[in-house]
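Visitor: coords below, sequence missing:
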């Protein structure tokens, strides 16, 4: 059991490092991986004054929650894939259920509930502590196995 | 009257749309601004390294494009309606059509429906070529306008 735990910790630490190194915008948001399981990912978006959308209330901008939702949903898809593949967001819908409470951190939990040959389907919830009292919900689909080639300056 | 409203009113009076985003920390963090180009109100996302989601391509983070689309819709609402409070996003649906390259991105919002409480806005985002959008969005907002008629049950507003 102890080995399992240390292995899990190692994977999580590795994932966090890779995240920091690989995805500049996640790093800019200080997004943190809290947990990874099969087809599931949990992230924390720490409250930060630079992310405020309404300066009168201190409530975070929806864009920060959208970005965190996109990141969590994409990671949940990765966790569901049989082998590593490049993925691309096809669409993402966010429902804002209630304003986030400043200055509390936000947790985002995403679950990839279906993977087909070309497309993965995922949903997520953003909340403070209590998943039954959500701030936002997200639904997305991702294309699987998109190309990884670095594009030429003028091509698409 | 609150300060956001005073800011919007001042922006409308002076015609300086850039004042719409003054004092919004998230807009400065992202490099999102409102600009008028050939008479059109556009949202502009100035490229910066911290907006990248996939450094291999490189490509903009999907959430960053979503943030530009949502902000542009809000600019359009503040500009076009008599909203007395900041519009509150109910739903935002983004279709990603092409990956966003490491250059500036522009967006244009069109108010498709305004009811008493809800407004619907469609937004397109593009980079060099407006006829090749990188993403489109549809969003619903709760708005509060200066003239709030009493409830008229026969009138649908959604």
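Guide: Sure thing, it's come through. This one's a predicted model, so the numbers in the text were calculated from it and none came from an experiment.
Visitor: can you pull out the strands in chain B?
Guide: Applying DSSP state E to chain B gives strands spanning B:32-37, B:40-45, B:52-54, B:59-60, B:88-96, B:105-114, B:118-126, B:135-142.
Visitor: Out of those strands, flag the one nearest residue A:6.
Guide: strand B:52-54 (30.9 Å; C-beta to C-beta). C-beta: built from backbone N, CA, C; applies to glycine.
Visitor: Just name whatever secondary elements that closest one is in contact with.
Guide: helix A:24-28, strand B:59-60, helix B:62-80 (3 or more C-beta pairs under 8 Å, 6 or more residues apart in numbering or on different chains; DSSP states H and E).
Visitor: coming back round to it: can I get the strands of chain B in a markdown table with mean pLDDT and mean neighbour count?
Guide: Output for those, formatted as a markdown table (pLDDT from 0 to 100; neighbours: other C-beta atoms under 10 Å in any protein chain shown):
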| stretch | mean pLDDT | mean neighbour count |
| --- | --- | --- |
| strand B:32-37 | 92 | 17 |
| strand B:40-45 | 95 | 20 |
| strand B:52-54 | 92 | 24 |
| strand B:59-60 | 94 | 24 |
| strand B:88-96 | 97 | 20 |
| strand B:105-114 | 96 | 19 |
| strand B:118-126 | 97 | 21 |
| strand B:135-142 | 97 | 22 |
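Visitor: so which of those strands comes closest to residue B:15?
Guide: strand B:32-37 (8.0 Å).
Visitor: Now do that closest one: distance to the chain's middle.
Guide: How far strand B:32-37 lies from its chain's middle: 10 Å, per C-alpha atoms, centre = their mean, to the nearest Å.
Visitor: List the pairing partners of it within its sheet, with orientation.
Guide: The pairing partners recorded for strand B:32-37 under DSSP bridges are strand B:40-45 (antiparallel).
Visitor: Please point out which parts of stretch B:69-84 sit buried.
Guide: Going by neighbour count (16 or more other C-beta atoms under 10 Å in any protein chain shown), the buried part of stretch B:69-84 is B:69-79, B:81, B:83-84.
Visitor: sorry, that was for stretch A:110-125
Guide: Quick answer for stretch A:110-125 (16+ other C-beta under 10 Å): A:110, A:111, A:112, A:115, A:120, A:121, A:122, A:123, A:124, A:125.
Visitor: Is chain B within reach of stretch A:57-70?
Guide: Yes - interface with chain B: stretch A:57-70 contributes A:60, A:61, A:62, A:63, A:64, A:66, A:67, A:68, A:69, A:70 (C-beta under 8 Å from any C-beta of the partner chain).
Visitor: Not including adjacent chain positions, what is the nearest residue to the second one?
Guide: Okay, so that is residue A:61. residue A:53 (2.9 Å; C-beta to C-beta, 6 or more residues apart in numbering or on different chains).
Visitor: element containing the one you found?
Guide: Element membership for residue A:53, per DSSP states H and E: strand A:52-54.
Visitor: Which elements pack onto that strand?
Guide: So strand A:52-54, by 3+ C-beta pairs under 8 Å, 6+ apart, packs with strand A:59-60, helix A:62-80, helix B:25-30.
Visitor: which one of the ones you listed has the most crowded surroundings?
Guide: Sort these by mean neighbour count, taking mean count of other C-beta atoms under 10 Å in any protein chain shown, and helix A:62-80 sits at the top with a mean of 27.
Visitor: In this structure residue A:84 contacts residue A:77, no?
Guide: No - between residue A:84 and residue A:77 there is no contact under C-beta atoms under 8 Å: 11.1 Å.
Visitor: coming back round to it: ok, which pair from the buried residues of stretch B:69-84 is furthest apart?
Guide: Checking the buried residues of stretch B:69-84 with C-beta to C-beta, the most distant pair is B:69 and B:84, at 23.8 Å.
Visitor: can I assume residue B:90 is in contact with residue B:120?
Guide: No - judged on C-beta under 8 Å, residue B:90 makes no contact with residue B:120 at a distance of 9.6 Å.
Visitor: Name the residues contacting each of these two.
Guide: Residues touching both residue B:90 and residue B:120 by C-beta atoms under 8 Å, 6 or more residues apart in numbering or on different chains: B:139, B:140, B:141.
Visitor: That concludes my questions; thank you for your assistance.
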